[in-house]
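Visitor: task: produce atomic coordinates for the following.
(chains A, B and C)
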Amino acid sequence: MFIRNAWYIGAWAHEVEQAPFARTIMNEPIVFFRDHAGKVGALEDRCCHRAAPLRFGQVVEGGLECGYHGMVFDGSGQCVKIPAQDKIPAKACVRHYAVVEKDEFIWIWMGDPELADESSIIDYPFHNDHERWPHKHAVYEIEASYKLMVDNLMDMTHVGYVHKSTIGGNPNVHVDAKTVVTPGDNGLKYVRWLLNSPPPATYSKVVEFKGNIDRWAEFEYIAPSSIIQWTGGIDVGKGAQENRDQDGVAIRVFHGLTPVTETSCLYFWAPAHGFRQDEPQITEALYREIDTAFKEDKRIVEAQQAMLLSTGEDRTVDLVSDAARIQMRRVMQRLEKESNPVD
Amino acid sequence: MFIRNAWYIGAWAHEVEQAPFARTIMNEPIVFFRDHAGKVGALEDRCCHRAAPLRFGQVVEGGLECGYHGMVFDGSGQCVKIPAQDKIPAKACVRHYAVVEKDEFIWIWMGDPELADESSIIDYPFHNDHERWPHKHAVYEIEASYKLMVDNLMDMTHVGYVHKSTIGGNPNVHVDAKTVVTPGDNGLKYVRWLLNSPPPATYSKVVEFKGNIDRWAEFEYIAPSSIIQWTGGIDVGKGAQENRDQDGVAIRVFHGLTPVTETSCLYFWAPAHGFRQDEPQITEALYREIDTAFKEDKRIVEAQQAMLLSTGEDRTVDLVSDAARIQMRRVMQRLEKESNPVD
Amino acid sequence: MFIRNAWYIGAWAHEVEQAPFARTIMNEPIVFFRDHAGKVGALEDRCCHRAAPLRFGQVVEGGLECGYHGMVFDGSGQCVKIPAQDKIPAKACVRHYAVVEKDEFIWIWMGDPELADESSIIDYPFHNDHERWPHKHAVYEIEASYKLMVDNLMDMTHVGYVHKSTIGGNPNVHVDAKTVVTPGDNGLKYVRWLLNSPPPATYSKVVEFKGNIDRWAEFEYIAPSSIIQWTGGIDVGKGAQENRDQDGVAIRVFHGLTPVTETSCLYFWAPAHGFRQDEPQITEALYREIDTAFKEDKRIVEAQQAMLLSTGEDRTVDLVSDAARIQMRRVMQRLEKESNPVD
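Guide: Numbers count the residues shown, from 1 in each chain, chains lettered A, B, ... in the order given. Now for the predicted structure:
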């Protein structure tokens, strides 16, 4: 069951060039392309003539040309040319999707395009500010439900076990940290402070701390599948809890999970750093560190998905550390019901 | 649904040597072999003892010996030897298929062998005339229904899009060509003339034309799955439409599609050239050119099949250029009904 | 249908080190590990919290720690630690399996652990006597039912066909050998004597015979899936049938088949030789020879399984040489019924 009436990240803006580019989202084959005016379109990747994938075609004047028998479709999915005949039948059209290019994302609305409201798209200005928040973009293909990937980001006690040798460090530090969860209408926020704790390997590589640090991790879940992370650390004794705008580590990560099938998804992520901004090697090093860590997540969550598929979803036990995760799932379930009315 | 009571190409003659050679046709595992007298046999590739595939065996005096426990079967599928016992039970036999070696093809009848009528096999004398029609044989495994492959050969407007850089050339030339379709009892013929048109890249490589040419493409569909193509081009002004037996390009291609499963098939093809016959490098060059072009067909038709499998067969729109294809499908459907009676 | 209330080989002892080691048996994901005291445990490879596989964890004081959120389980499957909370819920546990380390095997009981009776495990003292019976261990993953693998060992007429160039030799020698089958309560024994026959290639490589030999093959099937083989050969005229404790070839092979799914299994085998025991190169050479031969079995039995899957299990014919096999299947079916009562 998918939540269709919502915006998802369909691609990074830089991924969509003029050449058609295909992706499956919610089991639907979609072809993205950029027309001669630079506007991004998203159509069903299936010609209405004989079902050939449109991704084998090319962008021409007027739209996207099928690579099999040459029909051309505009951004609304309407056929505007059939090479060997003059009259275009009314039913010669393919499904189109509402798409918006914003903050370096291509957002796609998977429900009825008439209901797509651009004003409800998340603002993420950091991606437009490469000077203060330099960053790189990544996308993974994950063999697990997007729900399990969101789960993973809602329970930070995993950090000390899954990421022992990367961003984790001592497990107890993460286990002992208090988590304050604040529910919201369309998601939730939670904040964790790891006060007076040793900096993890990743941090020490990029900033020279004096000793222990006050470290925070703030996560905002915006349903159905975006997570905005703000993480950092400052030397102990500088009053980090009152003012985080000081020298130290400050990282903002956008996590976007887009369902491919019920049990696979795309994971779009980008880490932006608010320190040593004029050093491109830091952007690169941070990206590499996080790439290593997120592949640790990918590995365990994919194994978890495979296990759930072979042994069923029941027989699980909720723990105290699942508070944010359970809250998140409640929001998700409400939206699933709204998006899939029984009548 | 398959058309069983018909002849199909099971293999090229040169593929069947004494060593057993297995192929799946219409979901049935079949083993071809050549006995000590040189006669080709085709049996169910499944020993009647414990279902071991007979392809692991060897040809011995009397027939094909199973490689597991040594039972021997003759060309009619009857067991003629059981190593550890004298009496051969009546039910110790495997299914056999009627096969005929002719014109370098191994034709196989997939229905009741009693109904197999050799006189109904297509004559293709060009394969026996290597001097006037030198040629090479090919076979592809195609991940698509044989029907989609026949479809592809019934609508030539694809040539300008799929084969743009090989045998295609300017798409408009193909789109504008008139097609005359002549239905027949057991198939159809269609002829296309591309008058006063530039020769495609493939033609110019093998014959030096003065300028534009009169180009023809003649296709005969013989149900259920053979297509005989005669294609060529002659300098403009030589009256090609009245007499095609002049200097220029002349190519005959046999296309045979044999169902493996409902959604996969074998594609046997061989191009024979009626010009520069004493130059083996032309035979090779022509084969390479066509191999490249037919792999373009393979790529798009396999993608079309995958799309039909994931999105269903409905929601398609017939175009004017589908005339021959629709006629062909009518013949196919009639034969499917005859071959699969409801009662 | 599996026979659960029985002991199977889960692993060779040397395979289970401290690091967790996962295997699927009877469709169940199992993780083996060795605790700090050296005791082997076997748990369901699925954490009770969120179903992450426990194989990603590590052995700690007290048991096996999950690699996702750090829960620890002891050898009985009981959770003994949850990092972020003090109280451990009663249902926080995973399934455990009875395991016994004996004779270099890790035996596992796939039914109710309460019913596991260690005294019913096969004795195989040869594995503890490396001086008189040097040997090496192997395990294959077989894409076929364990039943087909046991079948294969119950009909030795296959040796001359499948192993023509290795342990086989002349097929007629094997076909003509008399087989004496002795049924037992929990299996059967059969003995074959190939009197005054040429030694096979494998034998001649390791022992210098004067000419023909008297060769025996003794197989004991112990339900559900162990086969103990004693094979050898002695120069003709030495009275081998009365006394097999003479110079020549003497090989003991343990065969253990453990179901992974209905149509795949693990094949544990180890050949021990009772001649030239102080020459490690003989141990190695014998292992290599048998490895080659058993891969011939693997190849044909996997092809047989694939054929049975695609064409069904009916339409087979029993031969005279199937006597031991049919007897074995009767025992197996009785145990299947006992282990899967209808009510």
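Visitor: roughly how far apart are the closest residue to A:Thr311 other than its chain neighbours and C:Leu54?
Guide: Excluding its sequence neighbours, the residue lying closest to A:Thr311 (CB to CB, 6 or more residues apart in numbering or on different chains) is C:Arg46, at 5.7 Å. The way it works is simple: take the backbone N, C-alpha and C, and place the C-beta from them, glycine included. Computed with CB to CB, to the nearest Å, the distance linking C:Arg46 and C:Leu54 is 7 Å.
Visitor: overlap of the contact sets of these two?
Guide: C:Val94 (CB atoms under 8 Å, 6 or more residues apart in numbering or on different chains).
Visitor: okay, the residue in the stretch 51-200 of chain A positioned nearest to chain C: pLDDT?
Guide: When scored by CB to the nearest CB, the stretch 51-200 of chain A has A:Val175 as its residue closest to chain C, at 4.3 Å. As predicted, A:Val175 sits at a pLDDT of 73.
Visitor: do the same with A:Pro200
Guide: 86.
Visitor: before we move on, what SS does A:Arg329 have?
Guide: Here A:Arg329 takes the helix state, with states given by DSSP: H, G, I helix; E, B strand; the rest coil.
Visitor: measure it to C:Asn196 for me?
Guide: Using CB to CB, A:Arg329 is found at 77 Å from C:Asn196.
Visitor: could you do A:His127 as well?
Guide: 87 Å.
Visitor: host element of the residue of the stretch 51-200 of chain A closest to chain C?
Guide: helix A:171-176 (DSSP states H and E).
Visitor: could you give me the buried positions within that helix?
Guide: A:171, A:173-175 (16 or more other CB atoms under 10 Å in any protein chain shown).
Visitor: cool, and stretch A:314-334?
Guide: Going by neighbour count (16+ other CB under 10 Å), the buried part of stretch A:314-334 is A:316-317, A:319, A:321-325, A:327-328, A:331-332.
Visitor: the helices in chain A, which residues?
Guide: A:146-154, A:159-162, A:171-176, A:201-206, A:280-311, A:323-339 (DSSP state H).
Visitor: so of these, which one's packed in deepest?
Guide: Among the helices of chain A, ranked by average contacts under mean count of other CB atoms under 10 Å in any protein chain shown, first place goes to helix A:159-162 (a mean of 24).
Visitor: just confirm yes or no for it near chain C.
Guide: Yes: counting by CB under 8 Å from any CB of the partner chain, chain C is contacted by helix A:159-162 at A:160-162.
Visitor: just send these back as JSON lines, with distance to C:Ile300 too.
Guide: Output for the residues of helix A:159-162 next to chain C, formatted as JSON lines (distance: CB to CB, whole Å):
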{"residue": "A:Gly160", "distance to C:Ile300": "51"}
{"residue": "A:Tyr161", "distance to C:Ile300": "46"}
{"residue": "A:Val162", "distance to C:Ile300": "44"}
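Visitor: residues from chain A in reach of chain B?
Guide: A:27, A:29, A:45-46, A:48-53, A:56, A:65-70, A:82-85, A:89, A:91-92.
Visitor: generate a PyMOL selection restricted to the buried subset of those residues.
Guide: Only the buried members of the residues of chain A next to chain B enter the following PyMOL selection, criterion being 16+ other CB under 10 Å:
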select buried, chain A and resi 29+45+46+48+49+50+51+52+53+56+65+66+67+68+69+70+82+83+84+92
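Visitor: which residues of the stretch 201-343 of chain A score low on pLDDT?
Guide: Across the stretch 201-343 of chain A, the ranges flagged by pLDDT under 70 are A:343.
Visitor: chain C contacts on that one?
Guide: Residues of the stretch 201-343 of chain A lying close to chain C (CB under 8 Å from any CB) are A:299-300, A:303-304, A:307-308, A:310-311, A:313, A:315-317, A:319-321.
Visitor: taking those residues together, which two end up most distant?
Guide: Of all pairs drawn from those, the one with the longest distance (CB to CB) is A:Ser310 and A:Val320, at 28.0 Å.
Visitor: avg pLDDT for stretch A:20-40?
Guide: So the average pLDDT for stretch A:20-40 ends up being 97.
Visitor: neighbours of A:Val80, how many?
Guide: 17 (other CB atoms under 10 Å in any protein chain shown).
Visitor: that one contacts A:Asp74, doesn't it?
Guide: Yes: look at A:Val80 against A:Asp74 with CB atoms under 8 Å: they come within range, at 5.3 Å.
Visitor: give the contact list for A:Ile326.
Guide: A:Ile326 sits next to A:Asp318 when contact means CB under 8 Å, 6+ apart.
Visitor: that should have said A:Met332, apologies.
Guide: A:3, A:147, A:150, A:223-224.
Visitor: name the nearest of those relative to B:His96.
Guide: A:Lys147 (55.0 Å).
Visitor: how about the contacts made by the closest one?
Guide: A:329, A:332.
Visitor: please apply the same query to A:Val60.
Guide: A:Val72.
Visitor: which residues does it bridge with?
Guide: Beta-bridge pairing of A:Val60 under DSSP bridges involves A:Gly63.
Visitor: what does A:Ala250 give?
Guide: Bridge pairing for A:Ala250 - DSSP bridges - gives A:Gly232.
Visitor: what about it, distance to A:Asn243?
Guide: From A:Ala250 across to A:Asn243, the span is 12 Å (CB to CB).
Visitor: between the two, who's got more neighbours?
Guide: Neighbour count, other CB under 10 Å: between A:Ala250 and A:Asn243, A:Ala250 has more, with 20 against 9.
Visitor: contact partners for that one?
Guide: A:Ala250 makes contacts with A:230-232, A:244, A:273-275, as judged by CB under 8 Å, 6+ apart.
Visitor: I'd say A:His137 and A:Asp103 touch.
Guide: No: using CB under 8 Å, A:His137 is not in contact with A:Asp103; the gap is 11.2 Å.
Visitor: closest point of the stretch 101-250 of chain A to chain B, which residue?
Guide: Counting by CB to the nearest CB, the stretch 101-250 of chain A gets nearest to chain B through A:Met110 (15.8 Å).
Visitor: burial count for that residue?
Guide: Going by other CB under 10 Å, the residues that sit close to A:Met110 add up to 23.
Visitor: where do the strands sit along the stretch 101-250 of chain A?
Guide: With DSSP state E, counting those that start in this stretch as the criterion, the stretch 101-250 of chain A has strands at A:105-109, A:138-142, A:178-184, A:187-197, A:213-222, A:226-235, A:249-261.
Visitor: so which of those strands is the most surrounded?
Guide: Counting by mean count of other CB under 10 Å, the most buried of these turns out to be strand A:105-109, with a mean of 23.
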